[in-house]
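**Q** Next one to model:
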Amino acid sequence: MSLSGVHGALSNLKLCQVDIGTGMDIVTDVAMDLAEAQDEGGMAGIKEIEAMVLECAKLDREINCFVDIVQQVTAEVSTQQPETMVDLSAKVRERFTVKIARLSDAELYNHHKVVAFKESIKNSSDQANQESAEATEESDEEIRVTQSQVNFICPLTQVEMLKPMKNKKCNHHYDEDAIMSLIKTKQKQKKKCRCPVVGCGNADVKQSDLIPDQVLRRRIQSQKRHSNPM
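**A** Take a look at the predicted model:
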């Protein structure tokens, strides 16, 4: 296989990761529905879904490891003679086996999708409790809805977020594509990425600080459905 063929295979693996991430979002939505129902059967179902999310996180991690190792090995052989390509598969297999053996399943709980899952379940349960206890007047409800809609707007794009990401440090939200683009731009400029929310003192937004906010995403989708009924 040529190096171009290897790079093509890696691109396909990365597309698989996108599908894995989408699947994790879908089962997270199901778990959030169960959390909002707040019954014993639902809690048992959440445990089963959490196990599925962890398995997906493990697969995603293994793909990341494999891609990293292939890129390292191909970078090494690209500067050597063509015959070194013969040993490419063996080198990748050996390094991958060693690296995977060093990984701990406990580390999976730090995977950003797993963190988002745990936080989403907690927030859904808390929100269900809050909504059941609230009895507000219509004028107060209108104010609350208006304030929520404002929170749906990305401070970077100034349009409604599609994939809201929450910053664990300052608790502000941004659309995933917009904030990742800004972080990459600042990295190329060798500068720190300041939180784009006006008045925020967070002067160093990092990718590791961001987690998907599934609760907010569902609220945005719910608001769209109510605004545009079939």
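**Q** Point out where the chain drops to low pLDDT.
**A** For the chain, the stretches with pLDDT under 70 are 1-3, 38-41, 78-86, 128-150, 227-230.
**Q** how about 90 then?
**A** Applying pLDDT under 90 to the chain flags the ranges 1-14, 29-47, 70-93, 116, 119-152, 198-199, 212-230.
**Q** domain assignment for it?
**A** 3-113, 154-227 (automatic domain parsing).
**Q** wait, which of those domains is closest to residue 120?
**A** domain 154-227 (4.0 Å; Cβ to Cβ). For every residue, glycine as well, the C-beta is placed using N, CA and C.
**Q** number of nearby residues for residue 177?
**A** Around residue 177 sit 15 other residues, with neighbours defined as other Cβ atoms under 10 Å.
**Q** Setting aside sequence neighbours, what's the nearest residue to it?
**A** Leaving aside its sequence neighbours, residue 177 sits nearest to residue 163 (Cβ to Cβ, 6 or more residues apart in numbering; 7.0 Å).
**Q** helices and strands around the longest helix along the chain, which ones?
**A** When the chain is parsed with DSSP state H, its longest helix is helix 40-77. Applying 3 or more Cβ pairs under 8 Å, 6 or more residues apart in numbering; DSSP states H and E, we find helix 40-77 packed against helix 3-37, helix 88-101, helix 112-133.
**Q** Need these in CSV (columns: mean neighbour count and distance to residue 207).
**A** Shown next, in CSV, are those (neighbours: other Cβ atoms under 10 Å; distance: least, Cβ to Cβ, whole Å):
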stretch, mean neighbour count, distance to residue 207
helix 3-37, 15, 15
helix 88-101, 13, 21
helix 112-133, 17, 9
